[in-house]
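Enquirer: model the structure of this input:
(chains A, B, C and D)
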Number of protein chains: 2
Amino acid sequence: MTNLTQTWTPLPALLDDLSAIAFREFRERLDEAGHGTIRAGHGCVFRFIHEGGSRLTDLADSSGFTKQAVGEVVADLEGLGYVERAPDPADGRAKVIKLTDLGAEAQATALVIFQDLERSWGERFGAERVAVMRELLEEMTAGEAAG
Amino acid sequence: MTNLTQTWTPLPALLDDLSAIAFREFRERLDEAGHGTIRAGHGCVFRFIHEGGSRLTDLADSSGFTKQAVGEVVADLEGLGYVERAPDPADGRAKVIKLTDLGAEAQATALVIFQDLERSWGERFGAERVAVMRELLEEMTAGEAAG
DNA sequence: CCGTAACAGGCAGGCATCCTGACTGTCAAG
DNA sequence: CTTGACAGTCAGGATGCCTGCCTGTTACGG
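Expert: The predicted structure is shown next:
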């Protein structure tokens, strides 16, 4: 699974491959935990929502998607009982999107799965090396690592 | 760009973030090289095609997409002049998909860009650490690293 | 040989996920 | 109290992938 001229695989391709493997595993475990209806696209909410609630526009800006796209995700999650929308008392235009108890539980479960997966990788491939990779990834993504 | 509860970002999310940054940079340079019409989805051909030509089914199996999806990509690349389809002399059912000279040139250019990008990352973030990441990624993706 | 299963490829249609554009209602500055 | 900016939503469209079905070819068991 990865070739080009059978010799050398570009790093971005490796990143994608590993990401796909990881997310497949992640969703499997999330399903076992009873949250099988959560899809990858829902991450733009779970990943960026604030403790006290977030506005749609904030989620859109943070995730890089449009308001419409995130709005659809939020409507979906609302129907599934993971978030709820309430009018913002401070601004009549806005609505505050908050995780429900179920949503918070799912988010916490997801966090545990991710942490467990990383720990597991450390055991199999070397905690030191995985730590190096994490640190590097954090640095590179922090400052728009292009170039 | 990357939060969850503002504290810790799952590795798969970091992988995706970096991948997105890298591919954006990649496409920009590929565009400068005169291959701006090549899209991400075309990778399933450029990445897995064999030197002497490949069958559609092989490309589909290697890339993990369906024959129909890859077929569409191949038709697209054929229209752009990057590949050509010829009947397989050994099997009347099959067709051999081969890179044209233009396609080979594009593939080579892409390879150089990826190598250059990786070298550049090494300079900015430490060649040693980037090498560790590459090695780790290769190991993890080689054996279906889940678990 | 021949009939049948397996296979390569392609056509049609569907669905999910994202987008742009246009709109309503609310806020804030003059 | 008018005007411009902004929050959110509705409508429509592009894309990229899928499943289902079909044709033509090959390979194998009788």
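
Enquirer: what helix or strand is the residue nearest to the spatial centre of chain A located in?
Expert: In chain A, the residue lying closest to the centroid (C-alpha atoms, centre = their mean) is residue A:43, at 4.0 Å. In the assignment (DSSP states H and E), residue A:43 maps to helix A:43-46.

Enquirer: helices or strands up against the longest helix seen in chain A?
Expert: Using DSSP state H, we find that the single longest helix of chain A is helix A:101-125. If you count contacts as 3 or more C-beta pairs under 8 Å, 6 or more residues apart in numbering or on different chains; DSSP states H and E, helix A:101-125 packs onto helix A:11-32, helix A:43-46, helix A:127-142, helix B:11-32, helix B:127-142. (Glycine included, C-beta is placed from N, CA and C.)

Enquirer: closest one to residue B:60 among the ones you listed?
Expert: Of all those, helix A:11-32 sits nearest to residue B:60, with 16.4 Å by C-beta to C-beta.

Enquirer: buried ones in the closest one, by neighbour count?
Expert: Within helix A:11-32, the residues that count as buried by 16 or more other C-beta atoms under 10 Å in any protein chain shown are A:11-23, A:25-27, A:29-30.

Enquirer: who's in contact with it?
Expert: A:1-2, A:4, A:36, A:38, A:40, A:106, A:109-110, A:113-114, A:117, B:11-12, B:15-16, B:18-19, B:22-23, B:26, B:43, B:47, B:114, B:117-118, B:121, B:133-134, B:137-138, B:140-141, B:144-147 (C-beta atoms under 8 Å, 6 or more residues apart in numbering or on different chains).

Enquirer: spell out which parts of chain A neighbour DNA strand C.
Expert: A:39-41, A:64-66, A:68-69, A:72-73, A:91-93 (C-beta under 7 Å from any atom of the strand).

Enquirer: and the residue nearest to the centre of chain A, what does it touch?
Expert: Contacts of residue A:43 (C-beta under 8 Å, 6+ apart): residue B:13.

Enquirer: report pLDDT for it.
Expert: At residue A:43, the pLDDT value in this model is 96.

Enquirer: go on, residue A:142?
Expert: Reported pLDDT for residue A:142: 89.

Enquirer: pretty sure residue A:54 is touching residue A:96, no?
Expert: Yes: look at residue A:54 against residue A:96 with C-beta atoms under 8 Å: they come within range, at 7.3 Å.

Enquirer: neighbour count winner among the two?
Expert: Higher neighbour count among residue A:54 and residue A:96: residue A:54, with 22 against 18, using other C-beta atoms under 10 Å in any protein chain shown.

Enquirer: secondary structure class for the closest residue to the more buried one other than its chain neighbours?
Expert: Spatially, and ignoring its direct neighbours in sequence, residue A:54 is nearest to residue A:97 (5.5 Å; C-beta to C-beta, 6 or more residues apart in numbering or on different chains). Here residue A:97 is recorded as strand under DSSP: H, G, I helix; E, B strand; the rest coil.
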